[in-house]
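> Dropping the sequence and predicted coords here.
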Amino acid sequence: MQGRLSKSLTGKIQEFPISTWEKEFELANRLGLRAIEWTLDCADFKLNPLFNSKEQLKIRYLQDQFSISIPSITLDCFVEAPFYKRNELTGLASETLDLLWIIENLKNTDVKILVLPIVAESGVFNENNLSNLIKCLHGIEKDLAKSKKQIAIECEFDTDSIAILLGELNPNYFGINFDMGNSASLGHDPKEELTVCSGRILNIHIKDRLLGGHSVRLGSGAVNFQEIAKLLTDQGYAGNMILQAARDFEAEETELIATYIDFCRKFNWVV
C-alpha cells in the first residue's frame, strides 16, 4: 500500500506520501515488491500526480526502472466524503461526478481496479444508503466498460448484505476487495464470507486486527491466516495481494515491511 514505506506526515495510518512517493518505487524494488496500490486522499484529490500528464510520464519511467506495477488505487477520498450519502462524522459528501472524473482521468494509467472503501469511518450505513449506492454504481457501468476498469468494494457488511450487493451488480465491472483484518475484527467466519464472495474477489488487503479492535502486526490479531490461505487457494484466487498491515511509528518502515513479507511467504503470497 502506497505510503507504508514512508514516514507518516500527519500521524495517519494511511495517506498519500506527497513528499516521498517517487522514492517508494526504489524502496519497493529493494524489498522485492512488485506492485504498489496507489492511495487517493480526499483533500485536493484532483491534484494527485497520478492525474497529471507530466507526472504520469515520470510515474511510467519509475515503473519501468524499478519493475513496479500500479494495478489498483484505493479511493480513500470517498471515505471522508462518500458520493452515495453524507458522512455524518465529517459532514462531507461527494458526487458521482467525482467518481466519473477519476475513472476518466485514469485512462492513461495501468490502474485496472478501483478499491471503494465503505467502512466505519464513512459514518452510519443503512438500507437506504445501500440502495443509493447500488443506483449510483449502476449509473457508471458504461464508463467502466469504456475505460476497461473494475470497482472492488471494500465493505464491512454482514454476509447477507454482501450477497445482496453482489447480486445487484454486474460481475463484469464490480466485485469485492477482501480485507481480512476488517473481516476478522467484525467476527466474520472466513469460510462463510469467502464463499459468498467466491468468484467476485478482485483485490485483497493483507491486514491483522484484534476482534472488535484496531490493526496489529501480522500474526498477533484475530485473522486465521492459514484458513484464509487455504480457502483462497481452493477458490483459485490469483489476483492482487496488497500489504495494508499495521504501522509501527517507532519502527523503520522498510524493516517493518520486510518482516511482513517474510510472514506472507508462509502462505505463498509472495511472488
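Looks like it arrived, so ask away.
> Can you show me the strands along the stretch 1-150 of the chain?
Listed in chain order, the strands found in the stretch 1-150 of the chain under DSSP state E, counting those that start in this stretch are 35-39, 69-74, 113-118, 150-155.
> Tell me which of the ones you listed sits nearest to Ala222.
Closest to Ala222 of these is strand 150-155 (CB to CB; 17.8 Å). C-beta coordinates here come from the backbone N, C-alpha and C atoms, glycine included.
> Give me the helices and strands touching the closest one, please.
With contacts defined as 3 or more CB pairs under 8 Å, 6 or more residues apart in numbering; DSSP states H and E, the secondary structure elements packing on strand 150-155 are strand 113-118, helix 159-168, strand 174-179, strand 201-206.
> residues making contact with the helix or strand following the third one?
Once the chain leaves strand 174-179, the next helix or strand it forms, by DSSP states H and E, is helix 180-185. The list of residues contacting helix 180-185 from outside it, by CB atoms under 8 Å, 6 or more residues apart in numbering, reads 119, 154, 156, 190, 193, 204-213, 215, 221-225, 228, 244-245.
> Tell me the buried residues in stretch 264-271?
Judged by neighbour count using 16 or more other CB atoms under 10 Å, the buried positions of stretch 264-271 are Cys264, Phe267, Trp269, Val270.
> Please report how far the last one lies from Asn182.
Spatial separation of Val270 from Asn182 under the definition CB to CB, to the nearest Å is 22 Å.
> Could you tell me how many residues sit around Asn132?
Residues near Asn132, counting by other CB atoms under 10 Å, number 15.
> going forward, begin numbering at 851 instead of 1
Will do, 851 is the new start, and the previous item becomes Asn982.
> Identify the residues contacting it.
Contact partners of Asn982, counting by CB under 8 Å, 6+ apart, are Tyr934, Lys935.
> and Thr1083, backbone torsions?
When quoted as degrees, to the nearest 10, the phi and psi of Thr1083 stand at phi -60, psi -40.
> any idea of the pLDDT on the closest residue to it other than its chain neighbours?
Once flanking residues are discounted, Thr1083 sits nearest to Asn1118: 7.8 Å by CB to CB, 6 or more residues apart in numbering. Reading off the per-residue confidence, Asn1118 sits at a pLDDT of 95.
> likewise Ser1035?
Predicted confidence (pLDDT) at Ser1035: the value is 97.
> The one 4 residues further on now?
Looking at Asp1039, its pLDDT is 97.
> Could you measure from it over to Ile963?
For Asp1039, the distance to Ile963 - CB to CB - is 26 Å.
> coming back round to it: now the residue nearest to Thr1083: how far from Leu1082?
Taking CB to CB as the measure, Asn1118 falls 10 Å from Leu1082.
> ok, Asp1039 and Ile963, which is more surrounded?
In this comparison of Asp1039 against Ile963, neighbours counted by other CB under 10 Å, the higher total goes to Ile963 at 21 against 13.
> can you pull the contacts of the closest residue in space to that one that isn't next to it in sequence?
Leaving aside its sequence neighbours, Ile963 sits nearest to Ser922 (CB to CB, 6+ apart; 4.1 Å). Ser922 sits next to Ala885, Glu887, Trp888, Val961, Lys962, Ile963, Leu964, Val965, Ala1002, Asn1053, Asn1090, Ile1092 when contact means CB under 8 Å, 6+ apart.
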